[in-house]
Structure formats: structure tokens, C-alpha cells
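*Asks:* okay, sequence plus prediction incoming.
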Amino acid sequence: MTVREVEHEITVRAQATEVYRLLADVESWPRLFPPSVHVDRLEAHGDEERIRIWATANGEAKNWTSRRVLDPAGLRIRFWQEVSSPPIAEMTGTWILEPAGDDGTRVRLLHTYRAIGDDPDALAWIDEAVDRNSRAELPALKENLERASHGDELTFSFEDSVRVEGAAKDVFDFLNEADRWTERLPHVASVTFTETTPGLQTLRMETRTKDGSTHTTESVRVAFPHHRIVYKQTTLPALLALHTGYWQLTEDADGTTTATSQHTVILNADAIPRVLGPDAGVAEARVLVREALGGNSRATLGLAKRYAEERR
């Protein structure tokens, strides 16, 4: 039986304890790992935990369950998939963090795996996939870890809420049925919506701006009936380097609902002069993005409110 062990590494300008904290915090993964859309912690017992991951792989939305063993003293995290996908028979991995200088960390990513049936062609395929993914993800991880650990004015979050005299289920249905948004939302010009796995959705749409122009975005969404939809944009407008968010619905005992739209964004600094003009800076971009995303969300919440209240 052939068992392969491979290692990739990168040096990050952040302290090892801070890098460990960010890697251990699964809720931060959509900001750190480009393919990651959403992660839930399903179980936790001491230093062991079970997590469910929703992510993109080769352009497709996937989800799986993994287990991890956390070692904060040793600055290590070991992980393995509960059920591996063919042609992988088994795969485990370890993050190892080593202090490098006064304010740096050597991040080592180890993978150990074998192929189903010990097939050499399958093993070669896994070799290539692991190498390609690791080489693509580690530089992005470095940039995002450094940004998150040092603080950054390019990153900010905001939310808008409305009170709805109606059921959370009806608000959820309005938000979940994105294939009907062209008839329900005036700012949506066209929609391509797929949901091959229940609750795991891809949404591509053209959105109209106030000046009449349109821009195309694509998102992966994870729906949790009837209270939450989380998403990550995979095709972004020029001003954004990252955009994640969620719709959260909280129903009170009297049958009324608080509906909230939340956004977390990272601005694309290089695009600011090109999009807003040579004299514009981060402050102007923050205002524009806050108003554009918030305006669309408030419009959507208002129409969802009317939809739900008409059904009460």
C-alpha cells in the first residue's frame, strides 16, 4: 500500500499565536480561504471537534464533514475528512505553526493520503490536486492572515434590519426563492439559480445600479430553513476583494420577525482610483460600498416584509 506524505509551506508576517487563533476559529475561514463559503462547528469535546464545511471545488459547490484535533500549546491542528471522495481512500493533514523572527510565522501544511485500490494513476491525480490547491491557497491565506491579524481599514462589516409583522418562514421563502427575484426585486435584471443539493445554491445575477448600468455577481449560498441564509460572492464587482454575508430571521413569540441583512467586505485598494477617480480614497469607497450594498439589502428586506405581512 502506497501512502504519500507531502508538505507545503509559507511564511506569514504575523505572530504564531495569532495565526493559530485564526486557523482554529472556523467562523473566520470564509475570510481566510478563498474556496470556503461557510463552516459550522457541529460538536466539540475538549480539544477535538467535528465541523461541516461548505466550499467550492473546481467551480462546484460542495460540502463535507471533517474532524480536528486542536493543540494550542504545540501550535498544531490535525484534521481529516470523515468520508473521503473517490479516488481518495483516506486523507489526513496537519497545520504546524513555527515562530519565525520577531513577528513572523512559518506555516507548514502537511498532507498524508492514499488512493483507492492503490491505483498509481489515481495517486498521481491526488498528487496534482493537493499540490495545485496548496500552492494556490497558501499565498491567499498569507495575505488574508496578515490583513486579519494586523487590522485593516479596507475590511468592514455592517447590517440593516426591519421588523416584520409576519412569520419568519414567509420572509425566508422570499429570500430563498432567488430564482423569482427578477419578478420580485426591481434592482435585479437577470438571475441564474441552481440548487442541485438541497440548501446548497449558486446564484448568478445582474444587478442594476442607480445610474442604470448593471454589474454581474455570482454567489454560493447555504440555506438553513427557516432562519438563516449565508453566502459568499465568488464573482465580485471591481471595488471588492471579498464579500460575505447572511440573512438572519428571528421570530418572536407573538409571531413577528426581525429580519437582518449583514455584510462583511474587503475593499480592493488598487481598484479605487480606477473606479472612483484619482482623488478618491478608502473613505469614499467605504461610503459607496456601504450605500450600494446596504441600499439593495434594505430594498430586498422591505419587499420581503411586504410579502410576509400580506400572508399573515
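*Replies:* Sure thing, it's come through. Numbers count the residues shown, from 1 in each chain.

*Asks:* going forward, measure contacts between C-alpha atoms and count neighbours the same way
*Replies:* OK.

*Asks:* contacting residues for residue 65?
*Replies:* Residue 65 sits next to 50, 51, 52, 53, 81, 82, 83 when contact means Cα atoms under 8 Å, 6 or more residues apart in numbering.

*Asks:* selection in ChimeraX covering whichever of the residues you listed are buried, please.
*Replies:* Applying 16 or more other Cα atoms under 10 Å to these leaves a buried subset, and the ChimeraX line that selects it is:
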select :50,51,52,53,81
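
*Asks:* from the contacts of residue 65, which is closest to residue 295?
*Replies:* Nearest to residue 295 among these, counting by Cα to Cα, is residue 53 at 30.3 Å.

*Asks:* can you give me phi and psi for the closest one?
*Replies:* phi -120, psi 130 (degrees, to the nearest 10).

*Asks:* is it true that it touches residue 42?
*Replies:* No. Residue 53 is beyond contact range of residue 42, at 10.2 Å (criterion: Cα atoms under 8 Å).

*Asks:* around residue 13, count how many other residues there are.
*Replies:* Neighbours of residue 13 under the rule other Cα atoms under 10 Å: 20.

*Asks:* wait, residue 253
*Replies:* Look at residue 253: counted by other Cα under 10 Å, it has 7 neighbours.

*Asks:* can I assume it sits in a strand?
*Replies:* No. Residue state for residue 253 (DSSP: H, G, I helix; E, B strand; the rest coil) corresponds to coil; a strand is not indicated.

*Asks:* tell me the domain boundaries of this protein?
*Replies:* The chain breaks down into these domains under automatic domain parsing: 4-150, 155-310.

*Asks:* now the shortest one: average pLDDT?
*Replies:* Put plainly, it is domain 4-150. The predicted model assigns domain 4-150 a mean pLDDT of 92.

*Asks:* please state the offset of that domain from the chain centre?
*Replies:* Centroid separation between domain 4-150 and its chain, computed with Cα atoms, centre = their mean, to the nearest Å, is 15 Å.

*Asks:* equivalent analysis for the longest one, please.
*Replies:* The chain centroid and the centroid of domain 155-310 are separated by 14 Å, computed with Cα atoms, centre = their mean.

*Asks:* what mean pLDDT does that domain have?
*Replies:* Rounded mean pLDDT across domain 155-310 is 95.

*Asks:* surely residue 174 is in contact with residue 306?
*Replies:* No. If you go by Cα under 8 Å, residue 174 and residue 306 don't touch, sitting 10.1 Å apart.

*Asks:* more neighbours, the two?
*Replies:* Shown here are residue 174 and residue 306; by other Cα under 10 Å, residue 174 has more neighbours (19 against 15).

*Asks:* is that one in a helix, a strand, or coil?
*Replies:* Secondary structure, three-state DSSP: residue 174 is helix.

*Asks:* grab the nearest non-local neighbour of it.
*Replies:* Excluding its sequence neighbours, the residue lying closest to residue 174 (Cα to Cα, 6 or more residues apart in numbering) is residue 304, at 5.8 Å.

*Asks:* ok, which stretches of the stretch 201-312 of the chain are helices?
*Replies:* For the stretch 201-312 of the chain, applying DSSP state H, counting those that start in this stretch gives helices covering 272-276, 282-310.

*Asks:* nearest to residue 240, of those?
*Replies:* Within these, the stretch nearest residue 240 is helix 282-310; the backing value is 8.6 Å (Cα to Cα).

*Asks:* by contact count, what packs against the closest one?
*Replies:* Helices and strands touching helix 282-310, by 3 or more Cα pairs under 8 Å, 6 or more residues apart in numbering; DSSP states H and E, are strand 155-164, helix 168-176, strand 257-267, helix 272-276.
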